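> Provided below for reference: sequence and predicted model.
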Amino acid sequence: MSNKTKLELSWIGKENRPRLEPRILLEDPEKSYHAQHRVTDHDLFDNRLIFGDNLLALKALEQEYAGKIKCIYIDPPYNTGSAFEHYDDGVEHSLWLSLMRDRLELLRGLLRDNGSIWISIDDHEMPYLRVLMDEVFGRQNFVAQCIWEKVYSPKSSAKFLSENHDYIVCYAKDVLRWERNLLSRTEKQDKAYKNRDNDPRGPWKPCDLSARNYYSIGRYPITCPSGREISGPPQGMYWRVSKERLKELDQDRRIWWGKDGNNVPAIKRFLSEVISGVVPETIWTYQEVGHNQAAKQHLKELLPNVEDLFVTPKPEGLVERILTIATNPTDWVLDSFAGTGTTGAAAHKMGRRWIMVELGEHCHTHIIPRLKKVVDGTDQGGISEAVNWKGGGGFRYYRLAPSLLERDKWGNWVISEKFNAAMLAEAVCKLEGFVYAPSDTIYWQHDHSTEQEFIYVTTAHLSHDQLQQLSDEVGSNRSLLMVCSAFRYG
Ligand SMILES: C[S@@+](CC[C@H](N)C(=O)[O-])C[C@H]1O[C@@H](n2cnc3c(N)ncnc32)[C@H](O)[C@@H]1O
């Protein structure tokens with residue numbers, strides 16, 4: 001497709017955009033949880049679990065977290081039409097697109113310039129999601145579409161083909177700034193390196209001397225140490241090095257001719273010289289990252305008293321793979337479709353800071369008990385062994401405040417009765433773009449946005465004298481925005 005061609009999705013209701021109030025978040029300390037003792041010097045306590053609709057929650061996070069999140073992983077309802085017990089997975093297609101578009105736009109704003117977003121999806125909506133992502137993130141920022149082998153055995157009850165994969169679609173906020181990490185080498189990968197000739201440089205593996213890439217001086221005959229003549233590389237291929245370079249490599253004992261000196265030559269690649277990690281590939285097998293059944297089993301062990309366990313939780317290994325590629329310790333990770341809390345659990349064990357949002361009651365029945373066990377170090381399933389997890393840290397639990405305004409019985413907009421003075425001050429600060437942080441010593445300083453600009457929110461009626469006193473205290477080099485019920489001046 002040329003750069004001028006722009007494929008855009010259209011759907012019923014695309015033009016309707018919700019007008020969102022930036023709500024405040026209310027912590028419920030009873031549900032927050034922190035380890036009793038520090039386990040390491042880098043335990044993380046400031047993680048956030050938010051109970052509520054993610055559209056409002058993402059809007060609520062905007063002020064504090066815009067441009068701060070390094071990696072977003074979401075596993076939204078796939079819109080397959082199947083009736084899941086814990087959430088609605090059969091939203092009508094147009095509604096699903098609107099729902100996703102609105103959230104993706106907010107998510108993009110939360111990402112750091114060098115951040116990335118990873119989305120689990122299956123074949124039902126994947127093509128639409130891709131086009132939608134092109135619209136929201138820009139086609140140029142597409143990174144990869146991974147295939148995850150989610151089950152380990154075919155379903156004989158499948159109507160047509162037995163589906164055994166999901167996709168994980170990845171976009172960078174700005175592909176020119178995004179950098180991926182390498183994956184650790186596995187024992188199996190290292191085992192391919194052997195030392196057949198006792199080379200002092202250590203184990204090596206033979207790599208083809210020929211390749212398909214055209215190389216103008218890459219076709220010449222070779223004589224093996226045994227005396228056998230090889231007329232040239234196979235048809236349509238070229239030696240990867242020139243005749244002279246081959247000689248140099250051979251003198252440095254970097255060419256393998258087989259134990260009898262009679263094989264087609266191969267270049268020795270030494271384990272000590274290869275990069276320390278492995279470039280991530282796009283097919284992720286269940287042997288590498290786990291499958292749905294294992295994730296369910298892990299959950300069963302974690303929550304033995306919960307009867308209705310989730311149908312398709314993701315294995316922690318899958319999230320670990322994403323976070324390994326896309327984050328470093330202490331980076332912020334966000335999942336706004338938290339489900340059973342797999343993202344938070346994996347991020348926590350990996351020393352990443354996390355925010356999760358979940359609307360369903362399983363926020364309380366699944367996520368909180370699960371995360372408590374992670375913090376306590378009693379969850380030894382999932383990736384615990386791989387990352388040597390011993391517990392520590394904690395999280396704060398929040399719910400969304402109600403809307404600031406409501407209609408009274410005459411239909412007039414009034415401040416909601418559910419707001420006390422502190423909530424009101426915080427909500428008004430947020431609406432005005434200030435971060436609520438009331439001073440302990442100065443009653444009129446309700447924020448610490450800058451050293452010069454302050455906000456004071458009060459339900460009082462301010463008199464001329466009070467205003468004059470405030471003006472004197474603020475002085476001429478600073479400014480104070482006052483939000484009050486009424487004032488009398490002059
Ligand atoms: C497929 S599940 C996520 C599973 C999760 N990855 C895990 O491993 O447990 C999708 C979740 O998104 C939640 N969800 C759907 N719509 C939401 C919304 N508007 N706000 C917050 N959560 C929502 C559902 O309740 C459900 O728990």
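Ah, there it is.
> Could you grab the helix/strand/coil label for the residue of the stretch 101-250 of the chain found nearest the ligand?
In the stretch 101-250 of the chain, the residue that lies nearest the ligand is S120 (6.9 Å; Cβ to the nearest ligand atom). Placement of C-beta: from N, CA and C, glycine included. Here S120 is recorded as strand under DSSP: H, G, I helix; E, B strand; the rest coil.
> for this structure, which spans come out with low pLDDT?
Where the chain drops to pLDDT under 70, the residues are 1-5, 81-90, 449, 490.
> Could you rerun that using 50?
Along the chain, the model assigns pLDDT under 50 to residues 1, 83.
> per-domain residue ranges of it.
25-178+278-400, 187-273, 405-487 (automatic domain parsing).
> out of these, deepest packed?
Of the domains of the chain, the one with the most neighbours on average (mean count of other Cβ atoms under 10 Å) is domain 25-178+278-400, at a mean of 19.
> How much space separates the nearest residue to the residue of the stretch 101-250 of the chain closest to the ligand once chain neighbours are set aside from H362?
Leaving aside its sequence neighbours, S120 sits nearest to D75 (Cβ to Cβ, 6 or more residues apart in numbering; 4.1 Å). To H362, D75 is 13 Å away according to Cβ to Cβ, to the nearest Å.
> list residues touching both of these two?
G339 (Cβ atoms under 8 Å, 6 or more residues apart in numbering).
> End to end on stretch 382-401, go ahead and measure it.
One end of stretch 382-401 to the other measures 34 Å (Cα to Cα, to the nearest Å).
> so does it get close to the ligand?
No: judged by Cβ under 6 Å from any ligand atom, stretch 382-401 makes no contact with the ligand; its nearest approach is 10.5 Å.
> cool, stretch 141-160 as well?
No: on the criterion Cβ under 6 Å from any ligand atom, stretch 141-160 is out of touch with the ligand, staying 11.6 Å away.
> Contacts for that stretch next, please.
By Cβ under 8 Å, 6+ apart, stretch 141-160 touches 116, 120, 126, 130, 133-134, 162-175, 178, 180, 282-286, 289, 291-293, 318.
> Start and end of it, how far apart?
Per Cα to Cα, stretch 141-160 runs 35 Å from first to last residue.
> which residues in the stretch 1-150 of the chain form strands?
25-27, 33-34, 47-51, 69-74, 111-121, 142-149 (DSSP state E, counting those that start in this stretch).
> closest to R212 out of those?
For the strands of the stretch 1-150 of the chain, proximity to R212 was assessed by Cβ to Cβ; strand 142-149 is nearest, at 23.6 Å.
> Dump stretch 92-110 to PDB, restricted to CA.
C-alpha atoms of stretch 92-110 as PDB (Å, rounded to 0.1, in the frame of the first residue of the first chain):
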ATOM      1  CA  GLU A  92     -22.000  -5.900  19.200                       C
ATOM      2  CA  HIS A  93     -19.200  -5.200  16.700                       C
ATOM      3  CA  SER A  94     -19.700  -1.500  16.300                       C
ATOM      4  CA  LEU A  95     -19.900  -1.100  20.100                       C
ATOM      5  CA  TRP A  96     -16.800  -3.100  20.500                       C
ATOM      6  CA  LEU A  97     -14.900  -0.800  18.100                       C
ATOM      7  CA  SER A  98     -16.100   2.300  19.800                       C
ATOM      8  CA  LEU A  99     -15.300   0.900  23.200                       C
ATOM      9  CA  MET A 100     -11.800   0.000  22.100                       C
ATOM     10  CA  ARG A 101     -11.100   3.200  20.200                       C
ATOM     11  CA  ASP A 102     -12.000   5.400  23.200                       C
ATOM     12  CA  ARG A 103      -9.800   3.400  25.500                       C
ATOM     13  CA  LEU A 104      -6.900   3.100  23.000                       C
ATOM     14  CA  GLU A 105      -6.800   6.800  22.600                       C
ATOM     15  CA  LEU A 106      -6.500   7.300  26.300                       C
ATOM     16  CA  LEU A 107      -4.000   4.500  26.600                       C
ATOM     17  CA  ARG A 108      -1.800   6.100  24.000                       C
ATOM     18  CA  GLY A 109      -1.700   9.400  26.000                       C
ATOM     19  CA  LEU A 110      -0.500   7.500  29.000                       C
END
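> who's in contact with it?
Contacts of stretch 92-110 (Cβ under 8 Å, 6+ apart): 9, 11-14, 16-18, 54-55, 58-59, 61-62, 65-69, 72, 74, 76-77, 79, 91, 117, 125, 128-129, 132-133, 135-137, 173, 334, 336.
> and the ligand, which of those reach it?
Filtering those for neighbours of the ligand using Cβ under 6 Å from any ligand atom leaves N54, P76, P77.
> All set, thanks.
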